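Novice: What follows is a protein structure lacking sequence information:
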């Protein structure tokens, strides 16, 4: 066996144990220096790419505003109902948001499954935190390193969260299905219509962070209902084209 | 600058291009090409360092890319010994297949059209390096 082959086999053993030991990306000093140096040029390059893909047109922006109004109206209606019924107001949460620049993506060029942002542990980002843009939920933090983090987008197969429909309050689980979002485990007695919005139900972990309620996950584009089954499901289309955005917001405190 | 050293700036630029401009494993591909053409200990050490940096910048498990590369190097060595081939078009095919498998495992772009387009570029690069047979792959 040649000297080179022995070197390669030794290195395989070394890196296999490294993968086993680390599992997460963390060599603090090296990660810190490398990520800080690479951050600005990566951000600039990503901007060039999103510019190439074009900006949102006027109609898209107006649609966004209208969707926001629908959610606000639904929230007000629900709050009003609670007020009348129980003489107390549903708390209006103010979330502490951390702006972050996108510096990379994984998955398809046109439809990324994962985004990499330029904020990490140092800025208070934690695994499981929600990532939003306007009133839309983009995904949640999957991996955190010193200065960067990885976001699993809502249509990523690893993503799932509790959700409800905007008008009928049908409860279920929204999970990524690669090309779309699947809203399933919805009771057959609940009503779902094409065009309804799917909102987050809120999912806070024991450490006090997670996915806040009432953020838009997407819009129902197809309903799969079979009366002989106890549950129904729906296909959800996301409202945000993740390949065209540069900045997102991490919900770092609820 | 020797022809072997031309790959170093390519590898460093790949660190920035990977996942930003296009989610394509440039570091993995260029490292494999470099090893196929110049299989030395220096190449192994250099590409390992770049691979660790790539993992850090891609927020991936450290050592994942290095491990994939080392397996690729062993496969290339074994293939050359077993089949005694020196045809660089076979090398191109091995590169295409291994990069495609790597992309699927590590969630990079898997659109075959983009692959064919990029490998047309790789064809030109390899052709430039093998034009006068002064590289180890053909010796």
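Specialist: Sure, I can see it. This is a predicted model, so every value here is computed, not measured. Numbering: from 1, shown residues only, chains lettered A, B, ... in the order given.
Novice: Please count neighbours and contacts with C-alpha atoms only from this point.
Specialist: Will do.
Novice: tell me, how many neighbours does residue A:98 end up with?
Specialist: 17 (other CA atoms under 10 Å in any protein chain shown).
Novice: Please apply the same query to the one 3 residues further on.
Specialist: Other residues lying near residue A:101 total 22 when counted by other CA under 10 Å.
Novice: Also the one 10 residues further on?
Specialist: Neighbour count for residue A:111, taken as other CA under 10 Å: 17.
Novice: excluding its backbone neighbours, what's nearest it?
Specialist: Nearest non-adjacent residue to residue A:111, counting by CA to CA, 6 or more residues apart in numbering or on different chains: residue A:243, 6.3 Å away.
Novice: per-residue confidence at residue A:250?
Specialist: Per-residue pLDDT puts residue A:250 at 92.
Novice: And it, how close does it get to residue A:80?
Specialist: 29 Å (CA to CA, to the nearest Å).
Novice: Ok, residue A:198 next?
Specialist: As judged by CA to CA, residue A:198 and residue A:80 stand 20 Å apart.
Novice: for residue B:62, same thing?
Specialist: Counting by CA to CA, the gap from residue B:62 to residue A:80 is 51 Å.
Novice: Tell me which of the two has more neighbours.
Specialist: residue B:62 (28 against 16).
Novice: which SSE is the more buried one in?
Specialist: Residue B:62 is part of no helix or strand, with elements assigned from DSSP states H and E.
Novice: which residues in the stretch 51-200 of chain A form strands?
Specialist: A:96-107, A:112-117, A:130-133, A:136-144, A:149-153, A:160-165, A:171-176, A:181-187, A:197-200 (DSSP state E, counting those that start in this stretch).
Novice: out of these, nearest to residue B:99?
Specialist: strand A:96-107 (14.4 Å; CA to CA).
Novice: do that closest one and chain B meet?
Specialist: Yes - Strand A:96-107 lies within reach of chain B by CA under 8 Å from any CA of the partner chain, at A:103-107.
Novice: want to try a markdown table for those residues, with pLDDT as columns?
Specialist: A markdown table is the format used below for the residues of strand A:96-107 next to chain B (pLDDT from 0 to 100):
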| residue | pLDDT |
| --- | --- |
| A:103 | 89 |
| A:104 | 88 |
| A:105 | 87 |
| A:106 | 88 |
| A:107 | 85 |
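Novice: Name the surrounding residues that touch stretch A:152-164.
Specialist: A:112-115, A:137-142, A:170-181, A:183, A:198-203, A:211, A:217, A:238 (CA atoms under 8 Å, 6 or more residues apart in numbering or on different chains).
Novice: what's the span of it from first residue to last?
Specialist: 20 Å.
Novice: what is the mean pLDDT for it?
Specialist: Mean pLDDT, stretch A:152-164: 92.
Novice: and what of stretch A:205-221?
Specialist: Rounded mean pLDDT across stretch A:205-221 is 87.
Novice: end to end, how far does that stretch reach?
Specialist: 30 Å.
Novice: avg pLDDT for stretch A:122-138?
Specialist: pLDDT averaged over stretch A:122-138 gives 89.
Novice: Residue A:149: how many residues sit nearby?
Specialist: Residue A:149 - counted by other CA under 10 Å - has 27 other residues nearby.
Novice: Stretch B:22-38 close to chain A?
Specialist: Yes - judged by CA under 8 Å from any CA, stretch B:22-38 and chain A are in contact via B:22-23.
Novice: typo on my end, it should be stretch B:44-54
Specialist: Yes - contact between stretch B:44-54 and chain A, assessed by CA under 8 Å from any CA, occurs at B:44, B:53.
Novice: just how off-centre is that stretch within its chain?
Specialist: 12 Å (CA atoms, centre = their mean, to the nearest Å).
Novice: likewise stretch A:175-187?
Specialist: 14 Å.
Novice: Also stretch B:88-96?
Specialist: 11 Å.
Novice: quick one: what helix or strand has the closest residue to residue B:68 other than its chain neighbours in it?
Specialist: Excluding its sequence neighbours, the residue lying closest to residue B:68 (CA to CA, 6+ apart) is residue B:102, at 7.6 Å. In the assignment (DSSP H and E), residue B:102 maps to helix B:88-105.
Novice: Can you list the buried residues in that helix?
Specialist: B:88, B:91-92, B:94-96, B:98-100, B:102-103 (16 or more other CA atoms under 10 Å in any protein chain shown).
Novice: can you check stretch B:123-133 too?
Specialist: Buried, per 16+ other CA under 10 Å, within stretch B:123-133: residue B:126.
Novice: Any residues of the stretch 51-200 of chain A in contact with chain B? List them.
Specialist: A:103-109, A:116, A:143-145, A:148-150.
Novice: from these, which is closest to residue A:34?
Specialist: residue A:148 (10.6 Å).
Novice: could you pull out the helices for the chain?
Specialist: Chain wasn't specified; assuming chain A. Using DSSP state H, the helices of chain A run over A:3-22, A:28-52, A:58-86.
Novice: that's the wrong chain, I meant chain B
Specialist: Counting by DSSP H, the helices of chain B are B:7-17, B:26-37, B:41-57, B:64-83, B:88-105, B:112-130.
Novice: tilt between the second one and helix B:7-17?
Specialist: Right, the one you point to is helix B:26-37. Here the directions of helix B:26-37 and helix B:7-17 differ by 160 degrees (axes from the mean of the first three to the mean of the last three CA atoms, to 10 degrees).
Novice: Just the residues contacting helix B:26-37, thanks.
Specialist: For helix B:26-37, using CA under 8 Å, 6+ apart, the contacting residues are B:4, B:7, B:10-11, B:14-15, B:17-18, B:43-44, B:47, B:50-51, B:54, B:65, B:69, B:72-73, B:76, B:91, B:95, B:99, B:126, B:129, B:135-137.
Novice: Now do that helix: distance to the chain's middle.
Specialist: 2 Å.
Novice: Pull the contacting residues for residue A:116.
Specialist: A:102-105, A:148-151, B:58-59.
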